[in-house]
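*Asks:* after the sequence you'll find the predicted model.
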Amino acid sequence: MNPSPNLFLIGPTGAGKTTLGAWLAPRLGLALLDLDRIVAAQAGMPISEIFSREGEVGFRVREAAALAEHCTHGGVLLVGGGGIVTRPENRTRLAQNGYVLWLVASVELRASRLEGDRSRPLLSGHDLRSRMQQLDDERESLYAGCADLALEQETEMPIEALGRRALSLLAERWQRSALREIAP
């Protein structure tokens with residue numbers, strides 16, 4: 001049990017973190033923070049342009065700084081990008097400052113959602129399914145290592161059904177602590 005006033009969503013690109021986060025946040029009374037949107041706003045450019053100018057390393061530095069800045073606020077539902085778990089300090093921050101929900105979805109399900117989406121720098125220019133599988137192979141143990149709970153999707157389901165399932169599992173397993181500022 002990881003008592004915390006915060007909920008953090010992690011998982012691979014296309015798992016539905018942003019959609020689920022937007023559905024859950026108001027129902028849980030949490031402020032929604034999307035790290036990719038925060039990073040893009042702070043940089044004044046889209047994620048794809050950050051990758052183009054600074055590479056993945058530059059993006060990850062920005063992402064880690066945004067996480068450090070926002071993860072200690074009480075009462076937030078924070079949506080991390082697919083690669084948030086690649087840096088050890090991010091995994092530590094996630095585990096120390098929130099209840100971590102890992103959204104799991106198959107490569108086939110995610111690929112069907114992202115077919116034709118050219119806004120994902122780590123997926124563009126590659127065979128989509130092969131690249132997703134490669135990233136899964138690299139990151140799955142990292143997700144598992146910092147997650148308090150895994151929510152698996154076998155097939156596409158309406159957000160209401162997925163959200164209700166998440167709420168049910170969270171009610172059983174997440175011991176929400178009172179809102180407070182958490183020391184870094």
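*Replies:* It's in. Residues are numbered from 1 along each chain as shown.
*Asks:* go ahead and confirm residue 145 touches residue 91.
*Replies:* Yes. The pair residue 145 / residue 91 is scored as a contact, 6.7 Å apart, by Cβ atoms under 8 Å. C-beta coordinates here come from the backbone N, C-alpha and C atoms, glycine included.
*Asks:* higher neighbour count, these two?
*Replies:* residue 91 (19 against 12; other Cβ atoms under 10 Å).
*Asks:* could you look up the SS state of that one?
*Replies:* At residue 91 the chain is in helix, as set by DSSP: H, G, I helix; E, B strand; the rest coil.
*Asks:* state the distance from it to residue 154.
*Replies:* 26 Å (Cβ to Cβ, to the nearest Å).
*Asks:* check residue 127 too.
*Replies:* Distance from residue 127 to residue 154, by Cβ to Cβ: 23 Å.
*Asks:* which neighbours do residue 145 and residue 91 have in common?
*Replies:* residue 85 (Cβ atoms under 8 Å, 6 or more residues apart in numbering).
*Asks:* biggest strand in the chain by residues?
*Replies:* strand 99-105 (DSSP state E).
*Asks:* my guess is residue 108 contacts residue 133. True?
*Replies:* No. In this structure, residue 108 is not within contact of residue 133 by Cβ under 8 Å, at 10.2 Å.
*Asks:* by mean pLDDT, flag the weakest helix or strand of this protein.
*Replies:* Lowest mean confidence among the helices and strands of the chain (mean pLDDT, DSSP states H and E): helix 107-114, at a mean of 80.
*Asks:* name the residues of the longest helix along the chain that are buried.
*Replies:* Identified as the longest helix of the chain according to DSSP state H is helix 47-70. By 16 or more other Cβ atoms under 10 Å, the buried positions in helix 47-70 come out as 47, 50-51, 59-60, 62-64, 66-67, 70.
*Asks:* just give me the closest of the residues you listed to residue 38.
*Replies:* residue 66 (4.8 Å; Cβ to Cβ).
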